[in-house]
Each structure stands twice: as C-alpha cells, then as structure tokens.
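Colleague: give me a 3D structure for the following:
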Amino acid sequence: MNTKKNTLYLECNSGISGDMAVAALLDLGADREVLKKALKSIPVKGFRIRISRVKKAGLDVCDFHVILDEAHENHDHDMAYLFGDAHHEEHKHLHGKEHEHLHEEYDDHSKEHNTGHVFHSHHEHRSLSEILHIIEHTEMTKGAKETAARIFKILAEAEAKAHGLPEEKVHFHEVGAVDSIVDIISVAVCLDNLGVAECIVPAICEGTGTIRCQHGIMSVPVPAVVNIVKEHQLKLSITNIIGELVTPTGAAIVAAVKTADTLPESFRIIKTGMGGGKRTYERPSILRAMLIEKLSEPVGDDRISKTDMVNRNDKDVIYKLESNIDDCSGEVLGYVMDRLLEAGARDVHYIPVYMKKNRPAYQLNVICKEEQIPALESIIFSETTTIGIRRQRMERSVLPRRSLEILTEHGNAMVKECRLPDDKGIKYYPEYESVVKLCKTSGKSFLEMYHLIIEQCKAKMSGDVKKETAKKSKVRRLWKRKYEELS
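Modeller: Purely as a prediction, here's the structure:
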C-alpha cells in the first residue's frame, strides 16, 4: 500500500462502471503485479483478465477486461442484447473502427493472465454473505477488504430495496456475477495501492431510455442506481445519450469512496489516468481520474485584496453529526477519530456524558460539510457500536482566511491569516506542524517560536504596506510633475 495520503478526482462525464474505474486507476499507476496477485487468490473460478491499451475517440486509454469462460458469460457488454439490434447496428456503424481495435487488443493479450481458483459456487445468484466470504478469503490488505465489502453492502442494500426484501434474503445475479466480483475487488486493491484517502466526485452523468437486464426491460437509470444515488446523496446529471452510462457497480463505487463533491479553488494535477468502457455510445465511454494536490493561496505581490477577503464566505452552513456511545473502548474511539479526520471531517471530538442507568459514556461530535455526511456516517456505523446518528444543520460565521508561507530566520512556516470584521485588523495563526518543525531545528520553545512567526507576519505586512504607500506616492509625484510640465 502507498503510505502517502492522496486525493483522487473522478470525472464521470461519460458515467462510470466497474471496469472503467479499474482501468482508470491502473492508468494512474496502481501496481499491476499487486492486482494480479490479489486476483489469483480469489476463491472463484471461470475468469481471466487482460490489461491493454485501446483507442476511444482517438485517445489512448487503458482497458481492463474480465474474460469469462462459457459457463459464466453474461450479456453485460452485448449491445444487441442490452438495447436491441437496431440500436446496436446504429452504434456499430458510428463506432465500428473503435470496436474493431478493441478486439485486436483482445487477441494480442489473450494469454496475458490466468487465475488460480480454489472455490466454485454452484450458482450465479450469490448472497451478500457468500460474497463477503469470498472477499475475506482473498489476499489483499485490510483496507482493501473493507472498501470491497463496503461497495458490495451498498449494492446489496440497493437491490434489497428494489426487490422489497431484507438484505440477507437477496440473491442477486448482476452483483453476484464473476466479473462484478473481480471488478470491485480490483477497484479496492487499486485504491489501496494508490494510497487514496480522499475522493472528489462532483457529479455522475447518466443516459436515458431503457435497457434489458435479468428482470426484463428497465428504464435508465435502473432501480439499483436510483436507490444508491438517493440514499448516498450523489449528484446525478441526466444527459441526452440513449443508454446506460452508470452501472449499479459504478454508482456503488462512487457512494463507497466519495468524500466530497467540490474541487478545491486551486490545485495541482499530479497524474492523470483514463479508463475505457466496453459499451459504445455517441459519447465515448471514458472515465478520467486524477491525483491532485490542493494549492495554498498566493503570497507577496499576488496578495488577495482586502475587498476580496471580506467578500468571501463570511457566512456558511455546516453540519454536526452526534451520537452517544457507551460500549466502545478508548482504543476504538481513538481509531474512529483518525479515520473520520482522514476522510475529511472538519473536526471530531468526544464529550464525557452519563446515559440511562447512570452509565458513563462518550458523545461523539463530528463537524462536516453536507456532501461528506454519507461517507462519515458510514465510518461511524461500521467502526462503532452506535445504531443511530443525529444530524444538525447549523449556520456559522467564519472569518475570511487564507494560507500564507512566511520566511523566518529559521526556515519557512505555514500561517493562517484571518481578517476581523469591520476592518478591525488581521490575526495570524501559525500552523502547529510548522511551529514544531522549526522548534526542532532551532532549539527554541513552542511559545517562543509561535510568537516569533507572528511577529515576522506583522513585519511582512508592515513592509508590504510601506511598499504600497511608497508606490502610490511615486505615482502621485510623477503625475504632479507631468501636470506642471503641461502647465
């Protein structure tokens, strides 16, 4: 697993499916050998994989293909079956060359990988417990197993709601199919290998029309996708494309890993990956994934003006998630706090309380944005013993702020600059990590270094003001001289 915590941005303008997600993550740099080792250990038979390059709309993209034997083959990529022969012929005419190229790659890589198999289910309709058993007996990290299990649980919940059955009674074909199991386990392994800690998905684009599945002709989006989007508050954008752009597996992946739906105001793209889908529509089926790094605000001559800062979000809306827990150990609660903060929570804290029958307990409070609620609640439910979480929507007043990098005699320090209302001044808050780092290199105490950084900020601000004043004075003198010459 990659120890660095990375931020992933998924651009789902052409929808998302399991194979598209795996291909995009592999194109980002996920280790193929790590993936192949995990797939060889899956206690399921009847498949092999091929990783290749294909052309989509003239672009070179990665393709991940789960090749099933005759006994396990399904119609997931059969356009004639999914949409009817007329639809298939139209798209074959529009995109014939692209489709042919895919099969050339298939022939060239047909012997790339053969899996070892231990266990074979006697039917294709697997229950959630069977799939969780398969995940548990696959060789991958604990984090990857948790991600794969979370994706399948979301799918099971959506299918159960669609069929009006308890989750443990649902035996679903589409999710239980071998290629779906391989796709989801592969996504989990790749995310873990890339060290993805945050995932931003602004929206997922879906098509319209109908599609054929095991239960007959269904409207797009299909019921399972609708249930996942609704339950996990995903942002869905309906396009005029006739066809299914978002599969239940794709929607479940987004629901399981998304931590935010808003990109930072400024960021650096570290790496880009593109994964191609198998279905052919007017819009090329490409999922673009990016590893990004949030950037600090500009400093020095590019300073943000006072007006810009004041006009920023001086009022905001935040949510508090609250739950009383009386049967969790301190170690568990400490781990939960770490997970919540890593997933993007703004703040996490515990308050000692006394519950019914005078039992000592802790009240967990999590501060977050609205789009983070599903992911954070999922962590709380899975990692603690709570069976209920209270939500509270709160308005808050926040000071306009920005991050600065200040040069001191002992090195650089990151500082948060906040402007008080009504032009009553500016406050500086050195970041804890920067203070500690400079304390270790300089030998100074924490408080001494903290105040030294603040003084450096004030001196820089004063110097900037003097420079600006001198610049204005120089301009005034030039205009005065010009005026005198003209007179």
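Colleague: all strands of the stretch 1-150 of the chain, in order?
Modeller: Taking DSSP state E, counting those that start in this stretch, the strands of the stretch 1-150 of the chain run over residues 6-11, 47-56, 59-68, 126-127.
Colleague: so which elements touch the shortest one?
Modeller: Packing contacts for strand 126-127, counted by 3 or more Cβ pairs under 8 Å, 6 or more residues apart in numbering; DSSP states H and E, involve strand 171-172, helix 173-176. The way it works is simple: take the backbone N, C-alpha and C, and place the C-beta from them, glycine included.
Colleague: partners of it, with directions?
Modeller: If you go by DSSP bridges, strand 126-127 pairs up with strand 171-172 (antiparallel).
Colleague: before we move on, which element is the most centrally placed residue in the chain in?
Modeller: Nearest residue to the geometric centre of the chain (Cα atoms, centre = their mean): Cys199, 1.4 Å. Secondary structure from DSSP states H and E places Cys199 in strand 196-200.
Colleague: could you give the mean pLDDT of the helix or strand that that strand is followed by?
Modeller: Sequence order places strand 204-208 as the next helix or strand after strand 196-200, per DSSP H and E. Mean pLDDT, strand 204-208: 93.
Colleague: need the contact partners of strand 204-208.
Modeller: 12-16, 220-221, 225, 229, 234-246, 250-251, 254, 281 (Cβ atoms under 8 Å, 6 or more residues apart in numbering).
Colleague: just those residues: which are in strands?
Modeller: Using DSSP state E, 236-242 are the members of the contacts of strand 204-208 that sit in strands.
Colleague: ranges for the helices of the stretch 351-487 of the chain?
Modeller: For the stretch 351-487 of the chain, the helices defined by DSSP state H, counting those that start in this stretch cover 373-383, 432-442, 446-486.
Colleague: surely Ala21 meets Val187?
Modeller: Yes - Ala21 is in contact with Val187 according to Cβ atoms under 8 Å; the separation is 5.0 Å.
Colleague: so what sits against both of the two?
Modeller: Common contact partners of Ala21 and Val187 (Cβ under 8 Å, 6+ apart): Ile253.
Colleague: export stretch 246-254 as CSV, just CAs?
Modeller: Presented in CSV, the C-alpha positions along stretch 246-254 are these (Å, rounded to 0.1, in the frame of the first residue of the first chain):
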residue,chain,number,x,y,z
VAL,A,246,-23.9,4.4,-14.9
THR,A,247,-24.0,0.8,-13.8
PRO,A,248,-25.0,-0.2,-10.3
THR,A,249,-21.4,-1.2,-9.6
GLY,A,250,-20.2,2.2,-10.8
ALA,A,251,-22.7,4.0,-8.6
ALA,A,252,-21.8,1.9,-5.6
ILE,A,253,-18.1,2.6,-6.1
VAL,A,254,-18.7,6.3,-6.0
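Colleague: low-confidence ranges, the stretch 301-450 of the chain, go.
Modeller: Counting by pLDDT under 70, the stretch 301-450 of the chain shows low-confidence ranges at 301-315.
Colleague: same thing but at 90, please
Modeller: Counting by pLDDT under 90, the ranges of the stretch 301-450 of the chain that qualify are 301-317, 326-330, 355-359, 370-371, 395-409, 411-412, 419-426.
Colleague: just the strands in it please.
Modeller: For the stretch 301-450 of the chain, the strands defined by DSSP E, counting those that start in this stretch cover 315-325, 347-354, 360-368, 390-397, 401-408, 411-419, 426-430.
Colleague: the second one - contacts with which helices or strands?
Modeller: Using 3+ Cβ pairs under 8 Å, 6+ apart as the contact criterion, the neighbours of strand 347-354 among helices and strands are helix 330-342, strand 360-368.
Colleague: in the longest one, which residues are buried?
Modeller: Meaning helix 330-342. Of all the residues in helix 330-342, those buried under the rule 16 or more other Cβ atoms under 10 Å are 333, 336-337, 339-340.
Colleague: what does stretch 328-335 rub up against?
Modeller: 325, 336, 350, 362, 364, 383-385.
Colleague: are any of the residues you listed buried, and which?
Modeller: Buried, going by 16+ other Cβ under 10 Å: 325, 336, 350, 362, 364, 383-384, out of the contacts of stretch 328-335.
Colleague: any chance of those in CSV, plus distance to Glu146?
Modeller: Below are those laid out as CSV (distance: Cβ to Cβ, whole Å):
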residue, distance to Glu146
Ile325, 20
Val336, 13
Tyr350, 23
Tyr362, 23
Leu364, 20
Glu383, 10
Thr384, 14
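Colleague: excluding its backbone neighbours, what's nearest Gly388?
Modeller: Of all residues not flanking Gly388 in the chain, Ser323 sits nearest, at 6.7 Å (Cβ to Cβ, 6 or more residues apart in numbering).
Colleague: partners of the one you found in the sheet?
Modeller: Leu364.
Colleague: ok, now which ones touch it?
Modeller: Ser323 makes contact with 363-364, 380, 384, 386, 388-390, according to Cβ under 8 Å, 6+ apart.
Colleague: ok so, going back, could you say what helices and strands the strand holding Cys199 packs with?
Modeller: The contact analysis (3+ Cβ pairs under 8 Å, 6+ apart) places strand 196-200 against strand 6-11.
Colleague: mind listing what the strand it packs on pairs with, with the direction of each?
Modeller: strand 196-200 (parallel), strand 286-294 (antiparallel).
Colleague: any idea how far apart the tips of stretch 400-413 sit?
Modeller: Using Cα to Cα, to the nearest Å, one end of stretch 400-413 lies 20 Å from the other.
Colleague: go on, stretch 243-262?
Modeller: Stretch 243-262 stretches 27 Å from its first residue to its last (Cα to Cα).
Colleague: give me the mean pLDDT for it.
Modeller: pLDDT averaged over stretch 243-262 gives 93.
Colleague: Asn193: which of the contacts of stretch 328-335 is nearest?
Modeller: Set against Asn193, the nearest of the contacts of stretch 328-335 by Cβ to Cβ is Glu383 (22.4 Å).
Colleague: touching, that closest one and Ala343? I think so.
Modeller: No - Glu383 is beyond contact range of Ala343, at 10.9 Å (criterion: Cβ under 8 Å).
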